[in-house]
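Student: Sequence and predicted structure, then a few things I'm wondering about:
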Amino acid sequence: MADAHFLFSDGKVLKQDKLLISPNNRSFRYGDGFFETMKWCRGKVLLESLHRERLMTTLEKLRFKPPSFFSADYIFEAIQELVKKNQHHALARIRVTIYRGDGGVYDPQNHFPHLLIQSWDLNESNNKLNENGLTIGIFKEAVKQADHFSLLKTNNYLGYAMAALWAKEQHLNDALLLNPQGNIADATIANIFLVQNGLVTTPALSEGPVGGVMRKYILSQLREKGYEVKEGIVTPEDLANASEVFLTNAIYGMRWVKQCEQNAYDHQLVPVLYREMIKPLFHF
């Protein structure tokens, strides 16, 4: 992935090595903010309307007080400006971070949403279904809470970060996190789906997963195309009994899993779903 030369910060395009925050920054101190990861493909953000919706909903849920100019249009125009400046001609990964400024836990200076946008080139392989299945495991040292904020992509990412470090140490492609009841919530950078006897199941948002944009899109597509779908409790036993498992996120769309711990999986339905639901996103 090539280095980007510029980033966007609070209305200005700056060199990427520009220092942006003070030691008193609440996002640095307490994780007081959130982020959105998006895929840029030949001139547009894929699933832009869903990303817009989630950005503005999260802004409200985290009690930011944006000025009148701070709209979804403002953010996406800034993305366009940065992508052009960084000369991303085909594919790029976009990361939007919105964070509160300085202050202690009880005394923020204000609730203004500071905006940081970064972009990086993406390889064309991100527009293809993975040939080799992923190998994943269950990380049991962190628990993913299931509350009013668990579906948001906040900067409180420690559990996922530790799970990702563990996965790398174990030579795994990703790791799953469990909620307080010991049920599956999601993976470090993806939502999880199971296939068993024609039923496609994913953890309900009440189980603690991030409310992924690709997750929402896939669920709508599955229902629209007549597949049997369930959002609910997913246990490790369900995972062991699944015939197929796949992960979804905004960057690669869908990836099939070949193994989780001692359980091996097939991939008969996943390529069909990929052709029906993911490939059309790249062709417009």
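Tutor: Done, it's in.

Student: CA atoms for contacts and neighbours, from now on please.
Tutor: Will do.

Student: can you map out the helices along this protein?
Tutor: Taking DSSP state H as the test, the helices found in the chain are 26-30, 48-61, 72-85, 158-169, 213-224, 236-241, 269-273, 279-282.

Student: Residues touching the second one, excluding its own?
Tutor: Right, the one you point to is helix 48-61. Contact with helix 48-61 is made by 34, 36, 38, 71-72, 152, 213, as judged by CA atoms under 8 Å, 6 or more residues apart in numbering.

Student: Just the ones in strands from these, please.
Tutor: Using DSSP state E, 34, 36, 38 are the members of these that sit in strands.

Student: that older thread, return the closest of the contacts of helix 48-61 with respect to residue 242.
Tutor: residue 213 (23.8 Å; CA to CA).

Student: Tell me the confidence at that closest one?
Tutor: Note for residue 213: predicted pLDDT of 98.

Student: Can you give me every residue that contacts residue 106?
Tutor: By CA under 8 Å, 6+ apart, no residues touch residue 106.

Student: One more: residue 204?
Tutor: Taking CA under 8 Å, 6+ apart, one finds 231-233 in contact with residue 204.

Student: Identify the residues contacting residue 242.
Tutor: Residue 242 neighbours (CA under 8 Å, 6+ apart): 194-196, 265.

Student: Please convert the residues you listed to TSV, extending it with neighbour count, distance to residue 175 and pLDDT.
Tutor: Below are the contacts of residue 242 laid out as TSV (neighbours: other CA atoms under 10 Å; distance: CA to CA, whole Å; pLDDT from 0 to 100):
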residue	neighbour count	distance to residue 175	pLDDT
194	23	15	98
195	24	19	98
196	14	21	95
265	20	16	98
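
Student: Can you add distance to residue 29 and give these back as TSV?
Tutor: Below are the contacts of residue 242 laid out as TSV (distance: CA to CA, whole Å):
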residue	distance to residue 29
194	37
195	41
196	44
265	42
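
Student: which one of these is nearest residue 141?
Tutor: Set against residue 141, the nearest of the contacts of residue 242 by CA to CA is residue 194 (23.1 Å).

Student: was I right about the closest one contacting residue 200?
Tutor: Yes. Counting by CA atoms under 8 Å, residue 200 is a contact partner of residue 194 at 5.6 Å.

Student: So for those two, which residues contact both of them?
Tutor: By CA under 8 Å, 6+ apart, no residue touches both residue 194 and residue 200.

Student: For residue 96, which non-adjacent residue is closest in space?
Tutor: residue 117 (4.5 Å; CA to CA, 6 or more residues apart in numbering).

Student: Tell me how many other residues surround residue 73.
Tutor: Around residue 73 there are 11 other residues, counting by other CA atoms under 10 Å.

Student: distance of residue 185 from residue 203?
Tutor: For residue 185, the distance to residue 203 equals 6 Å [CA to CA, to the nearest Å].

Student: As a check, name the ranges of all strands in the stretch 1-150 of the chain.
Tutor: 6-9, 12-15, 33-41, 44-45, 91-99, 114-121, 134-143 (DSSP state E, counting those that start in this stretch).

Student: Return the set of buried residues in the longest one.
Tutor: What that stands for is strand 134-143. 134-139, 142-143 (16 or more other CA atoms under 10 Å).

Student: do the same with stretch 7-21
Tutor: Neighbour-count burial for stretch 7-21 [16+ other CA under 10 Å]: 7-9, 13-14.
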